[in-house]
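Student: One predicted model, sequence on top.
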Amino acid sequence: METFQLARTHVEQMRMDVCLRLPEEACGLLGGRQNRAEIVLPVTNSLHSSTRFFLDPEEMITAILQLESRGMDVVGIYHSHPAGPAVPSETDLRETTWREAVSLIWSPGREDWQLRAFRVDSGGWREVIMTVME
């Protein structure tokens with residue numbers, strides 16, 4: 001099974017963004033190399049919706065240029081589902097454009113937010129194992 005590596009600090013950065021943007025869906029990019037994240041770049045949800053997201057085009061271009069200047073690629077895209085569930089929605093499946101990037105989805109759990117990772121392709125989605133390093 002495919003794995004995706006990220007640091008605990010990356011998880012905390014995303015969690016903070018998810019909480020700050022409530023009740024809207026939060027979203028952003030993870031930059032890195034291959035299946036390993038090295039940086040988290042929050043991006044404004046230009047839809048300001050609690051059920052859909054669209055990365056603000058200007059912020060997204062700025063983030064991509066920042067990654068390219070560091071020799072990194074977009075290895076992940078995160079967003080939240082404030083009302084759950086933590087699996088790709090039909091809209092997520094239909095609108096995913098970066099199929100080479102892992103899709104990370106945050107949703108509320110019983111006691112705290114939960115994070116799951118997926119690879120979305122033309123056949124649907126499959127879960128990716130996350131390895132969180134210190």
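Tutor: Okay, I see it. Numbering: from 1, shown residues only.
Student: just checking, Ile129 is part of a strand?
Tutor: Yes: judged by DSSP: H, G, I helix; E, B strand; the rest coil, Ile129 forms part of a strand.
Student: Can you report how many residues lie near the nearest residue to it once chain neighbours are set aside?
Tutor: Leaving aside its chain neighbours, Ile129 sits nearest to Thr3 (4.6 Å; criterion: Cβ to Cβ, 6 or more residues apart in numbering). Every residue, glycine included, has its C-beta placed from N, CA and C. Thr3 has 12 neighbours, counted by other Cβ atoms under 10 Å.
Student: cool, and the one 10 residues further on?
Tutor: For Gln13, the neighbour count with other Cβ under 10 Å is 19.
Student: Please apply the same query to Asn35.
Tutor: Counted with other Cβ under 10 Å, Asn35 comes out at 19.
Student: Could you do the one 4 residues further on as well?
Tutor: When counting by other Cβ under 10 Å, one arrives at 17 neighbours for Ile39.
Student: so who does it touch?
Tutor: 10, 30-32, 67, 70, 72 (Cβ atoms under 8 Å, 6 or more residues apart in numbering).
Student: Farthest-apart pair in the residues you listed, please.
Tutor: Distances among the contacts of Ile39 were taken as Cβ to Cβ; the most separated pair is His10 and Arg70, at 15.1 Å.
Student: who's more crowded, those two?
Tutor: Shown here are His10 and Arg70; by other Cβ under 10 Å, His10 has more neighbours (21 against 12).
Student: so how far is Arg99 from the more buried one?
Tutor: Going from His10 to Arg99 by Cβ to Cβ, to the nearest Å gives 21 Å.
Student: Please compute how far the helix or strand of the chain with the lowest mean pLDDT lies from its chain's middle.
Tutor: Using mean pLDDT, DSSP states H and E, the weakest-scoring helix or strand in the chain turns out to be helix 90-95, at a mean of 82. Between the centre of helix 90-95 and the centre of its chain there are 14 Å (Cα atoms, centre = their mean, to the nearest Å).
Student: Nice, that's everything, thank you.
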